[in-house]
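*Asks:* Sequence first, predicted model second:
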Amino acid sequence: MRHRGAAFSLILLAVLVFAGCRTSSTPATPTFSSPQPSPLPSPTWPGEEEEAKYARLRERMVIETIQARGITDERVLEAMRTVPRHLFVPEEEREYAYGDYPLPIGFGQTISQPYIVALMTELLELRPGDKVLEVGTGSGYQAAVLASIPGVEVYSIEIIPELAQSAKERLERLGYRVHCKQGDGYYGWPEHAPFDAIIVTAAPDHVPPPLIDQLAEGGRMVIPVGPPGGYQTLWKFVKEEGGELKAYNMGGVAFVPLTGPGMEEHRHEGGMEWPTP
Ligand code: SAM
């Protein structure tokens, strides 16, 4: 494997239950009535009684699908307990918001399933004072979870203008402090680099070199890598002193593809043979 001179050592850490890790495509249940739901912030907000119902569903989600599958970082669990996921999905999907599957958010995109959001957040090993970059804002849910970790500063990039705008508005309205930008996340956000952590929530076929460059020494990157439209491998990279990357295979996932000019221009350039998990 070659990648801009960086040496990679592969360490197999964990294998996820493959079928349970899907973050894209339509889940088996429930059936969605609308193929293109509105990506805009929901016009109506739930009343007190409904909010109490969602809080109970959220608590159950944390216990049954997140803690039960091995997430132990208390700060991550607390974030999953508090971020109102039902306000990040289109109104017609609200009742499904706390199921452990992805949901459509418009433009062929999805909000990732809660377990994967929690897992990727935990893998970032965030510490107070850390600066984290997310590529793929989508609904803004993952960004809100990151912003709920105490002392963490969040930057997030989304390529689809309508999603970028609606996520920014939603995050502001709900009081989450996230620096949002519309653009191609393949190139990262050099003005704010280096980042202590980078999370990519769409799948490229190689690790974008600009993201490696923008990762601080000691930094962690969590990214699904693999062919578009199929299953990918979730990797955790740790940049050691001197710039060497350690790679940890976290198992199989299925994300929507990373798109945009960066990917188009550099497709197949990674030069990495990605072993299947
Ligand atoms: N993190 C999101 C959330 O919590 O709702 C879900 C992410 S969704 C699985 C992937 C997102 O990545 C989509 O919104 C898609 O438009 C975006 N995306 C794809 N390619 C991108 C790129 N080159 N730069 C930035 N965003 C990109």
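*Replies:* All right, it came through fine. Residues are numbered from 1 along each chain as shown.
*Asks:* Just give the closest residue to Arg69, not the sequence neighbours.
*Replies:* Nearest residue to Arg69, sequence neighbours excluded (CB to CB, 6 or more residues apart in numbering): Tyr115, at 5.7 Å. For every residue, glycine as well, the C-beta is placed using N, CA and C.
*Asks:* Relative to the whole chain's centre, how far out is the helix or strand that neighbour falls within?
*Replies:* Element membership of Tyr115, judged by DSSP states H and E, is helix 114-123. Relative to the mean C-alpha coordinate of its chain, helix 114-123 is positioned 8 Å out (CA atoms, centre = their mean, to the nearest Å).
*Asks:* Within range of the ligand, give me the residues from the stretch 101-250 of the chain.
*Replies:* When proximity is defined as CB under 6 Å from any ligand atom, the stretch 101-250 of the chain approaches the ligand at 109-112, 135-136, 138-139, 141-142, 157-160, 163, 184-186, 201-202.
*Asks:* now with 5 Å?
*Replies:* Applying CB under 5 Å from any ligand atom, we find that the stretch 101-250 of the chain lies next to the ligand at 109-111, 136, 138-139, 141-142, 157-160, 184-186, 201-202.
*Asks:* residues making contact with the helix holding Tyr115?
*Replies:* With CB atoms under 8 Å, 6 or more residues apart in numbering as the contact definition, helix 114-123 has outside contacts at 16, 20-21, 23, 61, 65-66, 69, 71-73, 76-77, 79-80, 85, 98, 100, 141-142, 145-146, 149, 199, 201, 220, 222, 234, 236, 250, 253.
*Asks:* The residues you listed in helices, which ones?
*Replies:* Among the contacts of helix 114-123, the residues falling in helices (DSSP state H) are Met61, Val76, Leu77, Ala79, Met80, Tyr141, Gln142, Val145, Leu146.
*Asks:* count of residues packed around Gly106?
*Replies:* Residues lying near Gly106 (other CB atoms under 10 Å) number 20.
*Asks:* in the sheet, who's paired with it?
*Replies:* Beta-bridge pairing of Gly106 under DSSP bridges involves Gln109.
*Asks:* Which pLDDT value belongs to it?
*Replies:* Looking at Gly106, its pLDDT reads 96.
*Asks:* So it versus Ser156, what's the distance?
*Replies:* Taking CB to CB, to the nearest Å as the measure, Gly106 falls 17 Å from Ser156.
*Asks:* cool, and Gly185?
*Replies:* Distance from Gly185 to Ser156, by CB to CB: 9 Å.
*Asks:* hmm, back to that, adding neighbour count and pLDDT, write the ones in helices among the contacts of helix 114-123 out as CSV.
*Replies:* Formatted as CSV, the ones in helices among the contacts of helix 114-123 follow (neighbours: other CB atoms under 10 Å; pLDDT from 0 to 100):
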residue, neighbour count, pLDDT
Met61, 21, 98
Val76, 25, 98
Leu77, 18, 98
Ala79, 22, 98
Met80, 24, 98
Tyr141, 27, 98
Gln142, 26, 98
Val145, 24, 98
Leu146, 29, 98
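*Asks:* low pLDDT regions in the stretch 51-200 of the chain?
*Replies:* The stretch 51-200 of the chain contains no residues with pLDDT under 70.
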